[in-house]
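*Asks:* Any chance you can model this:
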Amino acid sequence: MNSIEIVMGAAAAVGTLGLAAGAWQYAANVPASQLFGRTWIDEPEPNADKRTVHLTFDDGPSARNTPELLDILGAAGAVGTFFLVGNHVRRHPALARRVVDEGHTVGNHTDMHPNLSRKPAARVQAELEACQRTILDTTGAVPALFRPPYGARRPAVLRIARRMGLTPVMWNITAGDWASPGFESLLRRVERGIEHNQQRGRTSNLLLHDASQLDGNAPASRADTLRVVQALVRRADLRFPGITA
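*Replies:* All right, here's what the predicted structure looks like:
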């Protein structure tokens, strides 16, 4: 083999590795990907008169944001799906109970919000079990839904969740509220997503946050998120059920 053939072979190998790495990143992190295992994202739109929007909220509960969010949802008769972090439930048990008592759906969002695609199976199992136990002990509710932090997963993560009786849930609208783009930008993204899903004949599954995974002594404000929710629940052409996948 001459030097040109060696260089070409090495380049091909590097290219193959790059493609494999890109495919892994897509499968692990893109919400729509089903390459590592099936997740629940949406369903055919069941309602002829109103578009269905699943309002989902990650990382709570938050003492700063969740009470006002619950007030907004309650006044509109809208049901949200709250993916709770076990550590935050222990810090705010009364708020977690209020979420359940007011008829909202709760899901498992791990105990400490790690990136599960980078953790060994034993840590994944421990994170899900601790969060599940905390939510049950605090609220009396047994979560049936699971959302991996950052949406990051690998086959073992989904297998462990399913063995625990949890349905993995992703989303089909990313508002990007963690980046604080401002109310108008958030609302435009969400409305475009709802319109796109309607054209596809699918329900909308909207990712929002009522907290930050680092909600501590100075919890992050989600004022723009709350304004977006307020604007949506005022629309007569939308309906807001919880996820029952």
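*Asks:* pLDDT on stretch 52-59, on average?
*Replies:* For stretch 52-59, the mean per-residue pLDDT is 98.
*Asks:* any residues touching it, and which ones?
*Replies:* Stretch 52-59 has contacts (C-beta atoms under 8 Å, 6 or more residues apart in numbering) with 45-46, 69, 73, 78-83, 85, 88, 109, 113, 147, 149, 169, 171, 194, 203-213, 215, 229, 232, 238-243. (Glycine included, C-beta is placed from N, CA and C.)
*Asks:* what's near enough to touch the nearest residue to Val100 once chain neighbours are set aside?
*Replies:* Nearest residue to Val100, sequence neighbours excluded (C-beta to C-beta, 6 or more residues apart in numbering): Thr139, at 4.3 Å. Counting by C-beta under 8 Å, 6+ apart, Thr139 touches Val89, Ala96, Arg97, Val99, Val100, Val106.
*Asks:* Glu184: which of these is nearest?
*Replies:* Val99 (28.4 Å; C-beta to C-beta).
*Asks:* so where do the helices sit in the protein?
*Replies:* With DSSP state H as the criterion, the chain has helices at 3-29, 66-76, 86-91, 93-101, 121-139, 155-163, 183-200, 223-233.
*Asks:* Any buried residues in the last one, and which?
*Replies:* What that stands for is helix 223-233. Asp224, Thr225, Leu226, Arg227, Val228, Val229, Gln230, Leu232, Val233 (16 or more other C-beta atoms under 10 Å).
*Asks:* Now distance to Arg162, neighbour count and pLDDT too, for the contacts of Thr139, in JSON lines please.
*Replies:* Output for the contacts of Thr139, formatted as JSON lines (distance: C-beta to C-beta, whole Å; neighbours: other C-beta atoms under 10 Å; pLDDT from 0 to 100):
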{"residue": "Val89", "distance to Arg162": "23", "neighbour count": "24", "pLDDT": "98"}
{"residue": "Ala96", "distance to Arg162": "24", "neighbour count": "25", "pLDDT": "98"}
{"residue": "Arg97", "distance to Arg162": "28", "neighbour count": "16", "pLDDT": "98"}
{"residue": "Val99", "distance to Arg162": "24", "neighbour count": "28", "pLDDT": "98"}
{"residue": "Val100", "distance to Arg162": "23", "neighbour count": "17", "pLDDT": "98"}
{"residue": "Val106", "distance to Arg162": "18", "neighbour count": "26", "pLDDT": "98"}
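*Asks:* partners of the longest strand anywhere in the chain in the sheet?
*Replies:* In the chain, with assignment by DSSP state E, the single longest strand is strand 51-60. Paired strands of strand 51-60, with direction, are strand 80-84 (parallel), strand 204-209 (parallel), strand 238-239 (parallel) (DSSP bridges).
*Asks:* still on that earlier bit, mean pLDDT lowest for which of the helices of the chain?
*Replies:* Looking at the helices of the chain, the bottom one is helix 3-29 with a mean of 60.
*Asks:* From Ala141, how far off is the residue lying closest to Gly74 once chain neighbours are set aside?
*Replies:* Of all residues not flanking Gly74 in the chain, Glu102 sits nearest, at 5.9 Å (C-beta to C-beta, 6+ apart). Separation of Glu102 from Ala141 (C-beta to C-beta, to the nearest Å): 12 Å.
*Asks:* just how off-centre is the longest strand of the chain within its chain?
*Replies:* Between the centre of strand 51-60 and the centre of its host chain there is 8 Å, according to C-alpha atoms, centre = their mean, to the nearest Å.
*Asks:* Same question for stretch 90-103.
*Replies:* Counting by C-alpha atoms, centre = their mean, stretch 90-103 comes out at 19 Å from the chain centroid.
*Asks:* closest one to Trp40 among the strands paired with strand 51-60?
*Replies:* Nearest of these (C-beta to C-beta): strand 204-209, 8.2 Å.
*Asks:* Give me the contact list for the closest one.
*Replies:* Under C-beta under 8 Å, 6+ apart, the answer for strand 204-209 is 31, 41-42, 51-60, 169-175, 177-178, 190, 193-194, 197-198, 222, 225, 228-229, 243.
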